[in-house]
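J.: Structure for the following, please:
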Amino acid sequence: MASASRGRLLSFVLLFLFTWPSSQQGTDTLTTDNSVVTNPPLTNAPTDPPVVVTSQAPLPTTAVPTDATELPENTDLGPCICDLTVNGCDVNCCCDPDCTTDDRNTFSECIEDTNVVDERLCIQSDIIFLENTPETVDTSNPSLFCIVTDNFEERNYYTIPQTVETVERFEELTDQYGDTSYAAPPYQNETYADFYKSGDAIYTIYESLSLGVVGLPAPLHTSECEDGNPASYLYNEGTECVRRISNLQDQCQGDPALSALSYYTGFKIVTTPSFLQDFSPPDPRLVNMTETPTVRPTPTTDPNTTNIPIPTTFPDNDSLYDSLELLEITVREPVLCESTLGVHIPCNFDGGDVPTPEYNSTSGICEYILKEVNYYITHNGTNGIMDAEVQLVLGSHSMDGLSLTQFFSTSFIKFDEVDVFERSGNPGYVIGEPLMAGNLVQLAEPDGIIKKSIELGNDRNNWLTVVKGTADGTCVTDADSRTPVTFGEDVRSGCTIRVSYENVSNICEFIQASALNALTGQMPEYVAMFGNSAVEVVGDWVPIIVDDLLGLPSSPSSGTCINMVMALHIEVLYANVGSLANPQAKVIGVRYNYAEGKILKYHCSGAYCQVGADSLTQSFEVASSVGFVETSDYPEAVLAERPSFDSKLPNDFFYPFTFGSSTRLQLDVRLLYVLICCYVVVYVQSWDIRL
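T.: So this is what the prediction gives:
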């Protein structure tokens with residue numbers, strides 16, 4: 001009773017304290033839990049509501065775990081690896097616990113990773129009918145034995161690795177398990193061999209004594225020229241790329257890539273890389289810099305002293321650049337100029353010097369701009385390069401914003417080789433090599449016998465060609481500027497013929513003749529069956545089948561031409577012969593298939609067909625295409641008949657029911673009688689039991 005009375009008294013006191021108004025001047029506070037309630041002083045003014053100031057109590061803290069989560073051994077840790085969204089259903093993840101039955105009904109498949117079953121297990125694919133996750137059973141390596149029960153399941157789980165915390169351990173694992181990577185290799189000082197090898201870059205020394213290489217500009221990521229591409233030693237290569245011309249007046253004389261002099265002057269070729277073993281070139285410098293470059297001598301390291309520079313073997317710069325180990329590039333005569341029709345003709349410059357590009361402000365044309373660079377390098381094996389020539393082709397360019405197409409090539413010639421002929425295969429054609437094509441010629445021998453042979457051109461890129469367009473799309477009529485047909489590579493090429501409205505109906509025949517000239521070029525008569533077919537053996541060359549042209553071009557009305565053949569498709573049939581392991585391609589037929597005659601009609605659009613638009617020209621496409629069709633007849637597999645088994649049983653196989661020799665078996669009557677008696681006894685006893 002006393003404790004109850006004390007409890008009621010304590011409750012009353014607390015209630016009194018909470019409800020008793022404050023009569024003192026100032027502020028009374030009461031703190032409960034985490035809140036502090038403040039009562040303002042009593043005044044005659046209306047009282048404001050109490051202000052509550054909340055202070056955050058410190059939250060309970062837990063120690064951050066320093067040890068990694070311990071993984072259980074011999075356990076499948078990823079029962080549902082496609083469950084990537086927390087508290088959300090992943091599409092097509094059938095094992096996701098957040099997915100409801102309705103969600104799974106909308107799934108088109110289950111994307112859990114495929115479980116590959118060990119082929120050593122006794123599991124057949126035909127007993128697996130249907131399940132939620134895909135199952136792959138490998139039966140490609142059947143064996144006489146298979147595993148029914150695996151009594152060592154630890155073999156089916158990975159060993160849990162330890163975290164790598166040191167560089168030494170990291171490098172140890174990468175050296176043991178690492179493979180090729182995209183990491184930058186460690187920098188190594190460039191070393192120079194005793195002689196060039198196939199594929200090596202060809203070194204050059206500039207007048208500033210800077211070290212460089214012979215460049216072969218080529219398109220890399222785009223069609224634009226990348227000047228940093230080096231030429232490869234002993235590899236005959238050809239590249240074609242474009243230069244963007246945004247301001248022709250400035251670039252004509254200011255861009256060194258458009259000048260022919262940039263590709264053979266201002267530097268010399270290092271005949272053998274052993275020359276660079278005693279020479280350390282300076283930093284790259286422009287040729288026209290007035291500052292005298294300094295040659296860095298090659299340092300050596302003595303184990304007993306610090307690095308002491310050894311003087312170079314060339315005391316001054318002039319003697320270095322004039323060394324006999326450096327070779328100038330000479331210009332092969334004549335220098336060629338490309339006409340507006342794409343024909344290469346000799347330029348015949350006064351004095352023989354190759355001019356730099358010149359801009360004609362009156363016509364807006366950049367003349368003597370570089371079109372082609374062809375290097376011819378003569379070598380002598382390990383003795384290095386003996387001679388270097390360059391064949392130049394110059395031309396003109398007349399429009400801003402029009403890309404300039406340039407061609408670069410390298411050809412290597414062995415010093416002591418004569419009458420070299422490069423085949424397209426031996427014997428079968430090699431993919432990417434030009435088709436050998438020529439014309440049939442007949443020569444009368446002194447004895448009156450007519451000898452037939454195939455006349456083959458010296459330029460292998462002109463054997464069989466298709467039309468090619470210039471930078472502005474017009475057709476090239478020069479035989480040396482067409483695209484060669486290479487074996488196994490389907491291609492389509494085209495160009496345009498521009499005609500005005502007043503000429504469309506008047507010169508239909510001329511347009512047709514121009515189109516056929518662009519399509520066929522110098523059309524050969526025969527194509528070699530093999531890449532090494534001899535010109536003397538005419539039987540190894542197949543004649544080209546040329547379709548007849550149907551109809552003649554005509555103009556039924558103004559601005560229209562009909563029966564115009566504007567396309568040609570070259571079909572090449574080939575078949576592989578010889579061994580299946582080493583097939584050899586043989587050409588068995590070539591056909592020139594002209595497209596069906598079409599109607600060329602001057603189309604009215606925009607300014608065309610308006611008053612005064614008679615002289616405006618429209619473009620009509622001339623297209624050529626090449627297609628290779630394989631007609632190989634593969635052999636059929638021949639299987640032998642199943643062998644017949646002559647089964648013979650041993651003599652005593654039916655013992656003791658028979659007796660006798662292997663040639664004669666007799667039935668033992670006594671044993672048969674005993675068996676019949678036993679059967680009768682058993683039968684009678686069973687009948688008595690039933691009764």
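J.: Please, where are all the helices along the stretch 201-350 of the chain?
T.: 248-254, 317-321 (DSSP state H, counting those that start in this stretch).
J.: what's the most buried one of those helices?
T.: Mean neighbour count (mean count of other C-beta atoms under 10 Å) peaks for helix 248-254 among the helices of the stretch 201-350 of the chain, with a mean of 16. To be clear about C-beta, it is placed using only N, CA and C from the backbone, and glycine gets the same treatment.
J.: If you count contacts, what does that one end up packed against?
T.: strand 358-360, strand 365-379 (3 or more C-beta pairs under 8 Å, 6 or more residues apart in numbering; DSSP states H and E).
J.: again, 10 Å this time
T.: Counting contacts by 3 or more C-beta pairs under 10 Å, 6 or more residues apart in numbering; DSSP states H and E, helix 248-254 packs against strand 358-360, strand 365-379, strand 385-397.
J.: Reformat those as JSON lines; add mean neighbour count, mean pLDDT and distance to residue 411.
T.: Below are these laid out as JSON lines (neighbours: other C-beta atoms under 10 Å; pLDDT from 0 to 100; distance: least, C-beta to C-beta, whole Å):
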{"stretch": "strand 358-360", "mean neighbour count": "15", "mean pLDDT": "91", "distance to residue 411": "30"}
{"stretch": "strand 365-379", "mean neighbour count": "21", "mean pLDDT": "93", "distance to residue 411": "5"}
{"stretch": "strand 385-397", "mean neighbour count": "19", "mean pLDDT": "93", "distance to residue 411": "9"}
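J.: If you average pLDDT over each of the helices of the stretch 201-350 of the chain, which is lowest?
T.: Lowest mean pLDDT of the helices of the stretch 201-350 of the chain: helix 317-321, a mean of 68.
J.: coming back round to it: of the helices and strands packed on helix 248-254, give the one that comes closest to residue 640.
T.: strand 365-379 (57.2 Å; C-beta to C-beta).
J.: how about residue 551, secondary structure?
T.: Under DSSP: H, G, I helix; E, B strand; the rest coil, residue 551 falls in the coil class.
J.: now stretch 229-249, how far from the chain's geometric center?
T.: Put simply, stretch 229-249 sits 20 Å off its chain's centre (C-alpha atoms, centre = their mean, to the nearest Å).
J.: what's near enough to touch residue 228?
T.: By C-beta atoms under 10 Å, 6 or more residues apart in numbering, the contact set of residue 228 is 213, 215, 216, 217, 218, 220.
J.: One more: residue 522?
T.: 437, 439, 457, 462, 463, 464, 465, 479, 482.
J.: Can you tell me how far it is from residue 85?
T.: 68 Å (C-beta to C-beta, to the nearest Å).
J.: likewise residue 677?
T.: Applying C-beta to C-beta to residue 677 and residue 85 gives a distance of 84 Å.
J.: quick revisit: any chance of CSV for the helices of the stretch 201-350 of the chain, columns distance to residue 531?
T.: Compiled in CSV, the helices of the stretch 201-350 of the chain are given as follows (distance: least, C-beta to C-beta, whole Å):
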stretch, distance to residue 531
helix 248-254, 43
helix 317-321, 45
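J.: of the ones you listed, which approaches residue 642 most closely?
T.: helix 248-254 (79.7 Å).
J.: Any idea how far the closest one is from the middle of the chain?
T.: 36 Å.
J.: Can you pull out the residues in contact with it?
T.: So helix 248-254 is contacted by 243-245, 247, 255, 257-259, 356-361, 364-369, 397-402, 404 (C-beta under 10 Å, 6+ apart).
J.: Let's see that with 6 Å instead.
T.: 245, 357, 359, 366, 400 (C-beta atoms under 6 Å, 6 or more residues apart in numbering).
J.: The third one contacts residue 367, correct?
T.: No. Taking C-beta atoms under 6 Å as the definition, residue 359 is not a contact partner of residue 367, at 7.8 Å.
J.: So which of the contacts of helix 248-254 is the closest to residue 380?
T.: residue 357 (36.0 Å).
J.: correct me, but the closest one touches residue 258?
T.: Yes. Counting by C-beta under 6 Å, residue 357 does reach residue 258; the two are 5.4 Å apart.
J.: Overlap of the contact sets of those two?
T.: residue 369.
J.: What is the neighbour count of residue 673?
T.: 10 (other C-beta atoms under 10 Å).
J.: what do you get for residue 212?
T.: 18.
J.: residue contacts, the nearest residue to it once chain neighbours are set aside?
T.: In this structure, residue 212 finds its nearest non-sequential neighbour in residue 204, 4.5 Å apart by C-beta to C-beta, 6 or more residues apart in numbering. For residue 204, the contacting residues are 212, 214, 267, 269, by C-beta under 6 Å, 6+ apart.
J.: Most neighbours among those residues, please name it.
T.: residue 267 (24 neighbours).
J.: Was I right to think that one contacts residue 207?
T.: No. Between residue 267 and residue 207 there is no contact, the gap being 7.1 Å when judged by C-beta under 6 Å.
J.: Mind giving me the PyMOL select for the contacts of residue 522, buried ones only?
T.: Buried members of those, defined by 16 or more other C-beta atoms under 10 Å, are picked up in PyMOL with:
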select buried, resi 437+462+463+464+465+482
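J.: Widest-spaced pair of the contacts of residue 522?
T.: 439 and 482 (16.6 Å).
J.: what's across from residue 528 in the sheet?
T.: residue 541 (DSSP bridges).
J.: Compute the number of surrounding residues for it.
T.: 26.
J.: what do you get for residue 207?
T.: 17.
J.: Ok, the one 3 residues further on next?
T.: By other C-beta under 10 Å, 18 other residues sit near residue 210.
J.: how far away is it from residue 181?
T.: The separation that residue 210 has from residue 181, given C-beta to C-beta, amounts to 33 Å.
J.: Okay, the residue lying closest to residue 354 once chain neighbours are set aside and residue 122: tell me how far apart.
T.: Distances taken as C-beta to C-beta, 6+ apart put residue 260 closest to residue 354, at 5.2 Å, once the chain neighbours are dropped. Applying C-beta to C-beta, the value for residue 260 to residue 122 is 76 Å.
J.: Looking at those two, which is more packed in?
T.: When neighbours are counted by other C-beta under 10 Å, residue 260 comes out ahead of the other of residue 260 and residue 122, with 23 against 9.
J.: list the contacts for that one?
T.: 354, 370, 392.
J.: Recalculate using a threshold of 7 Å.
T.: Residue 260 makes contact with 354, 370, 392, 394, according to C-beta atoms under 7 Å, 6 or more residues apart in numbering.
J.: Looking at those residues, which two lie furthest apart in space?
T.: Going by C-beta to C-beta, the pair spanning those furthest: 354 and 370, at 9.7 Å.
J.: coming back round to it: for the contacts of residue 204, work out which two are farthest apart.
T.: 212 and 269 (10.1 Å).
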